[in-house]
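based on what follows, work out the 3D shape:
(chains A, B, C and D)
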Amino acid sequence: MSKDELKNYLGQHFSEFSLTESFDFTELHVPKENILDVLKQLKESPATAFDFLFCETAVDRNPALELVYHITSTQYRHDLVVKTVLEDRENPVIESVYPLWTAAELYEDEIYDMFGIRFSNHPKLRRIMLTDEWVGYPLRKDYQDDKMIVK
Amino acid sequence: MENIENLNNEQLMTEEFVINIGPQHPATHGVLRVEVTLDGETVKDILPHLGYIHRGIEKMSEHMGYKQSIYLTSRMDYLSAHINNHACSLLIEKACGIEVPERAKAIRLIMDELQRLTSHQLWWGSCAMDIGAVTPFFVGFRDRERILDLFEANTGNRLTMNYIVPGGVMRDVLPNFVSDVRDVIDEVKSNFKDYTKLITGNFIFRHRTQGVGYLTKESAISLGCTGPVARASGVQCDIRKLYPYDGYDKLDFKEITDPGCDSWARYFVRMEEMKQSIHIIEQLLENFPEGESRTKLKGVLRVPAGEYYQRVETARGELGVFMVSDGSTKPYRLKYRTPCFSNLGAVTAIGKGLKIADLMATMATIDLIVPDIDR
Amino acid sequence: MISMIQYSDITSLIHQTLSASLSPVATQITEIILSALLAFIVMIVCVIIMVYMERKVAGFMQMRLGPNRVGPFGTFQVFADVLKLLLKESFTPNSADKFMFNLAPCIVLMVTLMALAPISWGPGLVMWDSNIGILFITAITSLSVIGILMAGWSSNNKYSLLGAMRSGAQIVSYELSAGLAIVTAVILSGTISSVGMVESQADGWWILKGHIPAMIAFLTYVISSTAECNRAPFDLAEAESELTAGYHTEYSGMKFGIFYLNEYINMGVVSIVASTLFLGGWMPLHLPFNNEYIQLFNHLMDFIPSWIWLFGKMFMIIFFMMWFRWTLPRLRIDQLLKLEWKYLLPINICNLILATAISIFGWHL
Amino acid sequence: MDVKENVPEFPGEIYKDETGKTNFLVSSVDAVANWARSNSLWPLSFGTSCCAIELMSTVSAKYDWSRFGFEVMRASPRQCDLIIVAGTITHKMAPVLKRLYDQMPEPRYVIAMGSCAVSGGPFFYNSYAVVRGVDNILPVDVYIPGCPPRPEALIQGMMTLQEKIRKSKAYVIQKPHKEAI
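Sure, this is the predicted structure:
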């Protein structure tokens, strides 16, 4: 369905979450606790059928860590961005969306490696890009590496 | 050693052993380590280890200006260098609202499709070499060199061209560009019969790829696979058709999908895509527009704050550039959604239960570029 | 019948001069050493030509020039390779089973060189004129599996173990159809000794006289002998793209050189045996009919010396093997064994029955 | 007086007496050993990123380094005597590269191909994971600049390595002054 049909569908079903509009996609802001069942509803309901997670990434908004899910449907070809915010910076933990999309396994491995966000019930969480004894999470804004990185 | 008869069963039980198809291996075409547990010849479990070529491009682009970080993308998937630069340029043009002249759009599309041709030709050579035939590698490179001469004449370099920049193309093409491209295209078209003679019609190659490496449509979608790997399992996901950019909607070409789901289908989809690329280039050459090839931009670019996402169809799938900008001269966060990273999931999904030789054939037809995975 | 130079008078001349000055036992030993050295040198020269030919043929088939910088037309390239391998440090990995690791290349080379003994190189020129020559060759060539398995097992490397297991299964199963093809030739010609085999083709090569069964036996023999030398499209033992370098991954320097040398000597031996069985070895082309023009043609053929015939046929078959290598992709292990057990073996057995029927009723010319 | 005449193809001089009959070739062990080693350099098929594609173009029919005898590209380090580091070497890849180098038999040479291998190249600034130059790990013999260097540049690099081998002493292992980490 088209963008505004999707918007008012989301307005009815997820009225408690805020809905904003970025340059390309509509964004649904969901609190950390019920991220998994919101995404499960979006995937399972035949009206939306978001069965394709094409990009899952994290953005370091300096005090908080923000997780962004880009999902689309291969039937209706409409796109949606779902965002959550994780306040806790020392050990941020969130549900893994691996049960819904198997692509999430590699995406979340990389997010854990770069941002340090732990994913519970993830099949094999490991540092995928860097060596195991690497200290710190490079893509965080407060990552200190004075020898290599010149501000 | 007591005699064999009274050795009960679990003492004679065979045990699996783990081999590393390691960072340096002819079949991985780069530095991807795949830890494979084997029971004899059949593969029981696959665990890829990445990061051997992780250079931290996303962290670097946070310290660079918008126009500076574009040249890094052609070091990620170096076989679709033009298309990667095209993605970043489109993103910045969309964000700042820059108008691109018609001639620049046509040149960009021709360069993209030529790049797709060179990528498929190199894939064809190295896929045949993984399955054992060495001569197709040289036949594939013969045609590829013809197109690389074209790139070198017009853009200055053979592999990492940095030719497509925000606002158009770096320099206008040579005057006899259209006739050169037409000669190269005719030659590549006439060489197609070599491809069928050498590999497509080859009896052994068919037996090595048909019914091998089965990726169902549902698992392709849930794994996030895009490009020829997904289209060979029947998923319609060609970005040039779904979200056309720079004049793809005005061109008529078919999106090749094949319900076959096995290595042979992936091979067939790429061979047909080569023909479609040639068809596209011929259409673009007919009415090749005149005029300006680049709109001048001021030195330091400031992108208005916000989040932008641009999708482009590279030779291996959908490259998505996700940028968060806070209005300064440097991007706040730049994330590249690369096709090979999710296609790698398909290797682990398909690999279980295959023989080693089939695992190599499947990895050859999934066509991974390792710096594209590690970034 | 054949009016060519008889080498036997040269050998008897050498025999008289030696036995004049030495005791009979000493002459026997020196003759053995002399003929072994001669056969070894001839084979080494053939290997040098084969390696150069392989690189030039590969270049020709891949639209590029082969080596042409080292020496005139690149002919010294092979000498440079061999000399470099000789000077290379060839170490034994410390986790390897040292004795077996160093013994494997010697066994493999010894086995293929022993197969040279019964081959008849020319009229009257044979090292060991035994009447079970062909049987000896089939027995000896099946021993090379032991060397390869030793190499794979002792280098304590998973890839070489896999390569050795694959080549074990492959060579053992392809021995079968090679042996059956040889039996077909033996049935047609009636002798097992290689000298007798060549003499029996004096009035025409078996491939012409034995028409259908000989042609089928020749084709299956070439296919199964390509598999026995581990050459593409059956090169699963040292499959570059899968097992890096197969069973000789851990070998460096001249030990790897010996494996490399052995592959080419094996190819040479196999193509000499194929030409002896079906293409008449050093026997020139004679046609069996006896009107005077054919006799004139047969007589004319005798003027071409016998070693040109032998090495011409050998290099023709070697060119075919190289042709296979640079065009066909590699088979998977189960397809390889299926080809042998389900296709080559039944064809060979039916061909054997056909050959016996023909030789009983005398339908062959 | 003996007439000496240089042989174009082979390192050595032909000695002929004035009547021009007794001609035999005289050469030094170093010259012959270096001639053999320089003319049959077997590279390891090792390529990490974009420079590997230019390496493959050099192997292909147009640039064809098999004319020099390099075409035997072995996959196992035991049988190679030259490692062409084509591409970026990261901190995770450095120990693997060092082990590959140690597995190679002794007269071995290293070519650093591309600016990533020479000095870290485009990833010199602000990359936390890249080793700035392969000579921190391996003793490098020939550096080939370029990102990626053209196939002709790679062939010129190989020919410079051949020159270097021809001038070196055959039985003394000379490593560049900067000792490897």
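
count the neighbours of residue 33 for me.
Using chain A. Other residues lying near residue A:33 total 10 when counted by other CB atoms under 10 Å in any protein chain shown. Heads up, the C-betas are built off the backbone N, CA and C, glycines and all.

you looked at the wrong chain, it should be chain D
When counting by other CB under 10 Å, one arrives at 21 neighbours for residue D:33.

from residue D:70, how far out is it?
18 Å (CB to CB, to the nearest Å).

between the two ends of stretch B:219-239, how far is it?
Taking CA to CA, to the nearest Å, stretch B:219-239 runs 20 Å from one end to the other.

now that stretch: mean pLDDT?
The pLDDT scores in stretch B:219-239 average 92.

ok, for whichever residue of the stretch 51-200 of chain C sits closest to chain D, nearest residue in space, not its chain neighbours?
When scored by CB to the nearest CB, the stretch 51-200 of chain C has residue C:83 as its residue closest to chain D, at 3.5 Å. With CB to CB, 6 or more residues apart in numbering or on different chains as the criterion, residue C:83 has its nearest non-adjacent residue at 3.5 Å, and that residue is residue D:36.

which parts of the helix or strand where the one you found lies are buried?
Element membership of residue D:36 [criterion: DSSP states H and E] is helix D:29-39. Neighbour counts using 16 or more other CB atoms under 10 Å in any protein chain shown place D:30, D:32, D:33, D:34, D:35, D:36, D:37, D:38, D:39 of helix D:29-39 among the buried residues.

go on, stretch A:71-89?
For stretch A:71-89, the buried set under the neighbour-count rule, 16+ other CB under 10 Å, comprises A:71-74, A:78-86.

cool, and stretch C:163-176?
Applying a neighbour-count criterion of 16+ other CB under 10 Å, one finds C:163-171, C:173-176 buried in stretch C:163-176.

what residues does chain D have near chain A?
Where proximity means CB under 8 Å from any CB of the partner chain, the interface of chain D facing chain A comprises D:91, D:92, D:125, D:126, D:127, D:128, D:129.

picking up where we left off before, contact partners of the helix holding residue D:36?
Counting by CB atoms under 8 Å, 6 or more residues apart in numbering or on different chains, helix D:29-39 makes contact with C:69-70, C:76-77, C:79-81, C:83-84, C:87, D:10-12, D:68-69, D:81, D:107, D:161-163, D:165-171, all of which sit outside it.

give me the residue from the stretch 51-200 of chain B nearest chain C.
Closest approach between the stretch 51-200 of chain B and chain C, counting by CB to the nearest CB: residue B:132, at 2.7 Å.

close to chain B, is stretch C:230-245?
Yes - part of stretch C:230-245 sits close enough to chain B to count as contact by CB under 8 Å from any CB, namely C:232, C:233, C:235, C:236, C:239, C:240, C:241, C:242, C:243, C:244.

after the helix holding residue D:36 comes which helix or strand?
Assignment by DSSP H and E places the next element after helix D:29-39 at strand D:43-44.

tell me how far that next one lies from the chain's centre.
In terms of CA atoms, centre = their mean, to the nearest Å, the gap separating the centre of strand D:43-44 from the centre of its chain is 9 Å.

pLDDT of it, averaged?
Strand D:43-44 shows a mean pLDDT of 92 in the predicted model.

return the residues in contact with the residue nearest to residue C:210 when sequence neighbours are not counted.
Taking CB to CB, 6+ apart, and ignoring the residues beside it in sequence, residue C:210 has residue C:188 as its nearest neighbour in space, at 4.6 Å. With contacts defined as CB under 8 Å, 6+ apart, residue C:188 is in contact with C:206, C:209, C:210, C:213, C:214, C:355, C:358, C:359, C:364.

next one: residue D:50
With contacts defined as CB under 8 Å, 6+ apart, residue D:50 is in contact with B:75, B:78, B:159, B:160, B:371, D:87, D:114, D:147, D:148.

and the residue nearest to residue C:210, what's its pLDDT?
pLDDT, the model's per-residue confidence, is 89 for residue C:188.

residue A:111 too?
Note on residue A:111: pLDDT of 93.

likewise for residue B:32?
pLDDT, residue B:32: 90.

okay, now the closest residue to it other than its chain neighbours: neighbour count?
Counting by CB to CB, 6+ apart, the nearest residue to residue B:32 once its immediate chain neighbours are dropped is residue B:370, at 4.7 Å. Residues lying near residue B:370 (other CB under 10 Å) number 24.

you'd agree residue B:370 is up against residue B:25?
No - here residue B:370 lies out of contact with residue B:25, judged by CB atoms under 8 Å, at a distance of 11.1 Å.

what's residue D:143 sitting at in phi/psi?
When quoted as degrees, to the nearest 10, the phi and psi of residue D:143 stand at phi -100, psi 130.

how about residue C:289, secondary structure?
Of the three states, residue C:289 takes coil under DSSP: H, G, I helix; E, B strand; the rest coil.

one step back: what's the distance between the residue nearest to residue C:210 and residue C:362?
Per CB to CB, residue C:188 is found 11 Å from residue C:362.

ok, residue B:203 next?
39 Å.

can you pull the residues of the stretch 151-300 of chain C lying near chain D?
C:240, C:244, C:245, C:248, C:249, C:250, C:251, C:252, C:253, C:256.

now the last one, nearest residue through space, not along the chain?
For residue C:256, the nearest residue in space outside its immediate sequence neighbours is residue D:79; the separation is 5.1 Å by CB to CB, 6+ apart.

the third one too?
Sequence neighbours aside, residue D:76 is the residue nearest to residue C:245 in space, at 4.1 Å (criterion: CB to CB, 6+ apart).
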